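S.K.: One predicted model, sequence on top.
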Amino acid sequence: MPELPEVETTRRSLEPPLVGHRVVSAIVRDRRLRWPVPDHLEHTLTGAAIVALRRRAKYLLIDTDRGTLLVHLGMSGSLTVVPGTRAPVKHDHVDIVLDSGETLRFHDPRRFGSMHWLATHEASHPLLAELAPEPFDDVFDGAYLHRVTRGRSAAVKQVIMNGTLVTGVGNIYASEALHRAAINPRTRAGRLSRARCDRLAVAIRETLGRAIELGGSSLRDYVDGHGNAGEFQSESAVYGREGLACNRCGETIRLIRQGARATYYCAGCQR
DNA sequence: AGCTCACCCTGCGAGC
DNA sequence: TGCTCGCAGGGTGAGC
């Protein structure tokens, strides 16, 4: 489900109801996420004051006065603030009860999401240490993209998606950004000219930026912290539009498979 | 090093 | 209101 725009949308919507509030209790109904939820989480969180919400790649970091809760939403996870009286439903794995009377609820049917605890004295975490630059970082531009793709023989779509050169670009926005940049997703990354890398870097930033403005994409089940769906999917240029006409050149949008993931593109204007 | 693939898990829609 | 299959926006780790 969530790529960078969805995680950022979640972060923004959760900031007001969370920051400045204290945790009254934490309830873990199912510890079996991608990695087991730490045994001490309920004890550690109880009484903690939430001081900030940050995002790094597709991770959400909930900073408290005694450490940081590192949350990944995986494919199907969502974090929403609900009234404390609302009964949990299936796959509501974790509740963080706040002194406001509301509850931060983690819901994740596929359990590909995760929760880690970072004690205050820990500067980082192995999961965060090796992450590539954020697409909105100053260092991420065409020159950077050109430099780090030299010698890479894999398809550009798989390279921008795999998280080692740039973070936060998942399957939807990889297809969308490549269409915006008019680059064929099967092009070997190492063959991209500097000019095309410039276009791609800009396209990635514009695509993700626009998606954040629209509250993310809700293809199946994504919702923000208030339970609201995103609107980007209605502006999608290629994703989910196979067989339809390209809005730039009129050719038919195609669906192919790259590394077991769906890729949508227009063979007319993406070269 | 980099590339490809299998795998983790549940739900849903398509097809029978 | 049946069954089976394939697919879904994530990432990791093994093998080449």
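M.R.: Sure, I can see it. None of these values were measured; they are calculated from a predicted model.
S.K.: The host helix or strand of residue A:178 vs DNA strand B: in contact?
M.R.: Taking DSSP states H and E as the definition, residue A:178 sits inside helix A:171-180. No: Helix A:171-180 is not in contact with DNA strand B by CB under 7 Å from any atom of the strand; minimum separation 12.2 Å. Where you see a C-beta, it was placed from the backbone N, CA and C, and this is true even at glycine.
S.K.: so what does the very next helix or strand once past that helix touch, helix or strand wise?
M.R.: Using DSSP H and E, the helix or strand that follows helix A:171-180 in sequence is helix A:194-213. Helices and strands touching helix A:194-213, by 3 or more CB pairs under 8 Å, 6 or more residues apart in numbering; DSSP states H and E, are helix A:4-18, helix A:142-149, helix A:156-161, helix A:171-180.
S.K.: most neighbours per residue, which of those helices?
M.R.: Across those, averaging neighbours per residue (mean count of other CB atoms under 10 Å) puts helix A:171-180 on top, at a mean of 26.
S.K.: what mean pLDDT would you report for that helix?
M.R.: Averaged over helix A:171-180, pLDDT sits at 97.
S.K.: again with stretch A:16-34
M.R.: pLDDT averaged over stretch A:16-34 gives 97.
S.K.: Now do that stretch: distance from first to last residue.
M.R.: Taking CA to CA, to the nearest Å, stretch A:16-34 runs 28 Å from one end to the other.
S.K.: Excluding chain neighbours, what is closest to residue A:174?
M.R.: Closest residue in space to residue A:174, ignoring its immediate chain neighbours: residue A:161 at 4.6 Å, by CB to CB, 6 or more residues apart in numbering.
S.K.: What separation do you get for the one you found and residue A:154?
M.R.: From residue A:161 over to residue A:154 the distance is 10 Å, taken as CB to CB, to the nearest Å.
S.K.: One more: residue A:112?
M.R.: 23 Å.
S.K.: In three-state terms, how would the nearest residue to residue A:233 once chain neighbours are set aside be classified?
M.R.: Nearest residue to residue A:233, sequence neighbours excluded (CB to CB, 6+ apart): residue A:217, at 4.6 Å. What DSSP: H, G, I helix; E, B strand; the rest coil gives for residue A:217 is coil.
S.K.: Identify the residue spatially nearest to the residue of chain A found nearest DNA strand C, adjacent ones excluded.
M.R.: Nearest residue of chain A to DNA strand C: residue A:170, at 1.7 Å (CB to the nearest atom of the strand). By the measure of CB to CB, 6+ apart, the closest residue to residue A:170 outside its immediate chain neighbours is residue A:3, 3.5 Å from it.
S.K.: Would you confirm that that neighbour contacts residue A:177?
M.R.: No: contact criterion CB atoms under 8 Å: residue A:3 and residue A:177 do not qualify, at 10.9 Å.
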